[in-house]
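Peer 1: Quick one: sequence and predicted model below, then my questions.
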Amino acid sequence: MNVEIKCESVSSLENEVILKELSDEIEVNGSILITWFREKGIAIPGNTEEQIEAVMEKVQQRFESYSIKELDWPSGLRTSMDTKRPSHPLISHICRIAIIVHRPNFEIIKGGVSQNKGELSNYQIALTLSVYNYLAKNAESRWTLLGDETGGLLEFKGRSEPLGRTSAMCWVAIPPKSQPPNLPPNFHATGSMVFLKNSLQVLEEDHSIILFVFPYEQGIVADGLSRIAKNSNLSFWRGTLPLVLEYISNINQDKKEIDVFVEQAKVAEAGSDLLQPIIQELKTSLDKRLSWQTLTFKELWVLAKSPCEHPWMGYPDGLGHTHIDNLNRDDETNHLVESLRKRVIRAPYRQASFDGPIGQVMRNTADSLTFLKSLSDLSLEDIKDYIIPFFSNAIVEASNSLDKKKWQKLLSHFKNTAENIEGQHAAQLILSGIDIDFILKKLPDKRDKFEFLKAVLGSSNHVGATKVANKCKLYIEELRDEDEDEKLVIRDPDNLELKTLSGGANDNQFDFSHISDDFEFLEEEPIKWSDEEINYFGAQALSRALRCDEGDIDLAWEIENKLLAVTHGDEKLRRRYILRSELLMERKEYDLARRALEFEFPERIGHSDNNEHLTDRYFLATLLKSCALSSATESFQDYSRLVLKSLDEKHPSQRIAYWYCRWAHEIAQTDNDVFAECLQHLKSLKTYDFFKKEAPGVILACELIDLNKRGIEEECHEQFLSEVLKNSEIYAQEWVALNSPNENDWLAPLNFNYR
C-alpha cells in the first residue's frame, strides 16, 4: 500500500511544534523525509562534504531515538554522451541532500529508491513534489518559459510523421503571479485523456498565459556536425526561443526575471548547458535595447523525465495537442482545443529563415537604423510570418529612437527601395503605426518634413489609413503655403509625385475628383516620360479604371499599353501585367486576362512559367479572379496550395479568399478545406479595423453579400455594409449610394482591382 511520505526542510526542525508533528508521523507511518534545499538564511560552514555531514548530524540530534538514511536519489549515471551526471540534475541541484528518518524496526529498501523500472518510490515522489513547490514559489516573481516538442521531428531527416501530422515546437510563457496548478510527476498528456483535459482547462481559463506553436515547415540535419550540433531538437529550441523572448521583452517595460526550461531529447541531455549559449548570444547582442535591458535570466535547464523535474512541464505537452486532430478526443476536450487554437501565436518553423535573414534581423535590432533598413531585404513570407507577429514593437521602438540624421538616411533608403515590392512593404510596416507629430518635432528642416510626410502618405495609401493620409495632405499643404514665402526647395517633380500620392489617398475613399482631363501627354512618346510622369500617368489610368465612367476603360487601356511598352524589370512588368489582366476583365475578356498572367508575362521576362511570382498576393488575387471568371479547371489544385499561405489581415487577402470561393463554386469544387477556410477567413476580417471603413470595408462587405446571394454563404451582411459606410468619409457613402449593390450586380460599387 502506498503511503504519502511527509516531507519537511531542515530549517523547519527549529520549530518545536513541527518537530513534534514529525515525530508523531514517524510513529504512525514509520518514516518521514527531511530535505536541505538551496535556501537563504541557512549558513553551514565548510565544504560540501562537511556541510552534508553537519546536516546529517543535525537531523540525527533532532531525532535521537530514530534511525536516519540518505535517500540515494537522484542517482548518478553514465549517459549516452559518455558523461557522468545525476539522473535528475535540477532536482539534484535544488536538493543538496534528502534524509529518511524512520523507526529502527522500519524497513527501508535500497536507500528508499524503487527497484521497478519506471516506478517511483514514495520517497522519490515526496522529494519531487517538494521540489515542485519550491519551483512554483520561485515563479511567483518570474516569467517561466517551458518548451516541448510534439512529434518525432522525422521531417529533419526527410521522412514523414505518422498519420500525416507535422512536428512542432511548443512554448508556454507563464507570467509572474500566474500560478497554474502543479501537475503530477507522472504527467503525460498522450497517456491520459484526464491529464490532457486538466492541462487544457488550466490554459484555457488563464488568459495571462501566452501560447506559442511553431509547426515544422522546412529544416534539415546538416552533415559534418557533432552529435549535439546536428540534433534537430536543439535546432527547434535555437530557432524559436529568440522569437518568444522578443515577444515577451515588449509586453511591458518592467524588470522581468525569466526561467527557461525544456525537456531532454536524445543527445540533448538533462543538465546539459545547451540553453546558456543561446541566451548569452542574445543578451550580449541586444542589451543596448531598452526592452532587452529589462530581461534577467535566472534558471536555464534541460530537464529530465520520469519524473519530469518541473511541475508545469506538462502544459506545453498539453498545448501540443492543439496542433493535431485526434478522433479519440471527447466533445469537451475538442471544445477546449478549438478555444485554445484561437489564442495560440502560431508561426512556421523555417530553418533557412531562422539561420539566415530572421536571425540577422534579430541581431540588427541592436542598431535601430540598420534594423529598419534591413526589413526591405526580407521576403514577404518572412515579413508575414515573423516580423509582424514578433517585431512590431521593435519597429516602433527603433523608429522612435532615430535622430534627425538617421531619419534622413532612412527616408533616403525608402526612396532607393521604393521600386521593389519588398521595399514598399517594409516602408509600410515602419510608417503605418508612426506618431506623425512626434517625428515631425525631430525634423526641424522643412525639406526633411516634406520628404517624411510624402513617405507616410504613400504608406497610408497602401494600408488604407485615410485619416493619416488626410492629415499628411493637410501638413503638406501648410508646408507648400510656407514655400510661397520662404522659397523652399519643393520642385515640380515633387508636385507631380504629390498629385500621384494624393490621388491614391482619394481612391481609397472613392473620391475621384483628382482625375485629370488633360490628354495631351498621350501624344508624346512614353520613352520621353520621366519616372514621376510614368507613376502619375499610371495612377491616372488606375483611378479611371476604378471610376469606370464612359470612356475610362479605353483611356486606361491606352495609357497602360504605352507604359507596358517602356517598362523593364521583372517586378515592374509583373505590376503592369496585373493591371493589364484587370483591364481585360473589365472588358469581359476573361480568357485573355488569364493568358496575360499565365503565358504572356512569363514569356516577356524569359521564364517558362509564372511560378516564381505566385507568392505575390496581388498577382495571385488577379490570377484567381481570371480563373473564376473564365471557369478554368486545369490549374485549380496547383493554385489551391498557394491560397492559405496568402491569407492575412491585410488587402488583398479578402480578394484572394473571395475569388477562390467564387472559382471553387463555379467549377463545383467546394468540398475542400481551402474553400472552408477562405469562407471563414472572409467573415473573420469583419473584426479588423482596417476592414471596417473606406474601400477595404466596402470591398469585403460587397464580397460577403455576393457570396450570400449566390448561396455560398449562409449569413446576410447588408448590416455590415451599413456599418462600414457609417465609419467612412462622405465620398464613400455617396459612391455606394450611386452604385449600390443590386440583384444584377452585388459588387456594383467595385470596379477594376477593387472587384
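Peer 2: Perfect, I can see it now.

Peer 1: Identify the residues contacting R341.
Peer 2: R341 makes contact with T322, according to C-beta atoms under 8 Å, 6 or more residues apart in numbering. Backbone N, C-alpha and C define where each C-beta goes, glycine included.

Peer 1: what helix or strand is A505 on?
Peer 2: A505 belongs to helix 492-507 when assigned by DSSP states H and E.

Peer 1: Show me which residues of that helix are buried.
Peer 2: By neighbour count on 16 or more other C-beta atoms under 10 Å, the buried set for helix 492-507 is 494, 496-507.

Peer 1: same question, stretch 62-70
Peer 2: Buried residues in stretch 62-70, defined by neighbour count with 16+ other C-beta under 10 Å: R62, F63, Y66, S67, I68.

Peer 1: swap in stretch 394-405?
Peer 2: Across stretch 394-405, burial judged by 16+ other C-beta under 10 Å covers A394, I395, E397, A398, S399, L402.

Peer 1: out of the residues you listed, who's nearest E612?
Peer 2: Among these, I395 lies closest to E612 (C-beta to C-beta), at 28.2 Å.

Peer 1: quick one: the closest one and N250, what's the gap?
Peer 2: From I395 across to N250, the span is 10 Å (C-beta to C-beta, to the nearest Å).

Peer 1: What of K84?
Peer 2: Here K84 is placed at a distance of 42 Å from N250 (C-beta to C-beta).

Peer 1: who's more crowded, these two?
Peer 2: Neighbour totals were compared for K84 and N250, and N250 leads with 20 against 8 (other C-beta atoms under 10 Å).

Peer 1: gap between stretch 285-302 and the chain center?
Peer 2: Its chain's C-alpha centre and that of stretch 285-302 lie 20 Å apart, by C-alpha atoms, centre = their mean, to the nearest Å.

Peer 1: Also stretch 142-162?
Peer 2: That offset, for stretch 142-162, works out to 17 Å (C-alpha atoms, centre = their mean).

Peer 1: Check the buried residues of stretch 62-70 and tell me the two furthest apart.
Peer 2: Between any two of the buried residues of stretch 62-70, the greatest separation by C-beta to C-beta is 13.2 Å, found for R62 and S67.

Peer 1: Enumerate the positions of whichever strand or helix holds K58 that are buried.
Peer 2: For K58, the host element (DSSP H and E) is helix 48-62. Of all the residues in helix 48-62, those buried under the rule 16+ other C-beta under 10 Å are Q51, I52, V55, M56, K58, V59, R62.

Peer 1: Over to stretch 212-222?
Peer 2: By 16+ other C-beta under 10 Å, the buried positions in stretch 212-222 come out as F212, V213, F214, P215, Y216, E217, G219.

Peer 1: and the first one, what is it in contact with?
Peer 2: Yep, that's F212 we're talking about. Shown in contact with F212 (C-beta under 8 Å, 6+ apart): C170, W171, V172, A173, T240, L243, V244, Y247, V344, I345, R346, A347.

Peer 1: can you check the last one too?
Peer 2: G219 makes contact with E155, F156, S232, S235, G239, Y349, R350, Q351, A352, according to C-beta under 8 Å, 6+ apart.

Peer 1: Relative to Q280, which of these is nearest.
Peer 2: G239 (16.7 Å).

Peer 1: Just to be sure, the closest one is in a helix?
Peer 2: Yes - under DSSP: H, G, I helix; E, B strand; the rest coil, G239 falls within a helix.

Peer 1: which one is it nearest to, not counting chain neighbours?
Peer 2: Setting aside the residues directly before and after it, G239 is nearest to F354 in space (C-beta to C-beta, 6 or more residues apart in numbering), at 3.7 Å.

Peer 1: which SS class is that neighbour?
Peer 2: Classification of F354 using three-state DSSP returns helix.

Peer 1: what's the answer for the one 5 residues further on, then?
Peer 2: Each residue gets one of three states, and G359 gets helix by three-state DSSP.

Peer 1: Would you mind splitting the protein into its domains for me?
Peer 2: What automatic domain parsing lists as the domains of the chain is 7-134, 142-352, 356-490, 587-754.

Peer 1: what does stretch 717-727 rub up against?
Peer 2: By C-beta under 8 Å, 6+ apart, stretch 717-727 touches 686, 691-694, 697-698, 700-702, 704-705, 708, 732-733, 736, 741.

Peer 1: now swap in stretch 522-542 and tell me
Peer 2: Applying C-beta under 8 Å, 6+ apart, the contact partners of stretch 522-542 are 493, 496-497, 499-500, 503-504, 507, 515-516, 521, 555-556, 558-560, 562-563, 565-566, 579, 752-753.

Peer 1: returning to that earlier point: closest to V468 among the contacts of G219?
Peer 2: Distance to V468 across the contacts of G219 (C-beta to C-beta) is lowest for R350, with 32.6 Å.
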